[in-house]
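Peer 1: Let me see the structure of the following:
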Amino acid sequence: MNTIEMRGKNAAELKQELESLLRAHFALRMQVATQQSNKTADLGKLRRDIARVKTIMREKAGQA
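Peer 2: Predicted coordinates for the structure are as follows:
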């Protein structure tokens, strides 16, 4: 999901997206740790997506 789509969402949808990303990040970390997956590049992508969502949430909180 890109930044433009995220900015169109409300706070509840952003919180739900953040929870989903955090769960996916945890699951991927466990897969990498147990050597079930070698997609370490996806960890960085998920971290950046989490940061994007948090940034947009912070911006929206500052506007209200």
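Peer 1: just checking, next helix/strand downstream of the host helix or strand of Ser20?
Peer 2: Element membership for Ser20, per DSSP states H and E: helix 11-33. Next along the chain after helix 11-33, taking DSSP H and E as the criterion, comes helix 40-63.
Peer 1: what angle separates that next one from helix 11-33?
Peer 2: 160 degrees (axes from the mean of the first three to the mean of the last three Cα atoms, to 10 degrees).
Peer 1: buried residues in helix 40-63?
Peer 2: Buried positions in helix 40-63, judged by neighbour count with 16 or more other Cβ atoms under 10 Å: Leu46, Asp49, Ile50, Arg52, Val53, Ile56, Met57. Where C-beta positions appear, they are placed from N, C-alpha and C, glycine not excepted.
Peer 1: So for the helix holding Ser20, mean pLDDT?
Peer 2: In this model, helix 11-33 has an average pLDDT of 96.
Peer 1: quick one: it to chain centroid distance?
Peer 2: Between the centre of helix 11-33 and the centre of its host chain there is 6 Å, according to Cα atoms, centre = their mean, to the nearest Å.
Peer 1: which other helices and strands contact it?
Peer 2: Under the contact criterion of 3 or more Cβ pairs under 8 Å, 6 or more residues apart in numbering; DSSP states H and E, helix 11-33 touches helix 40-63.
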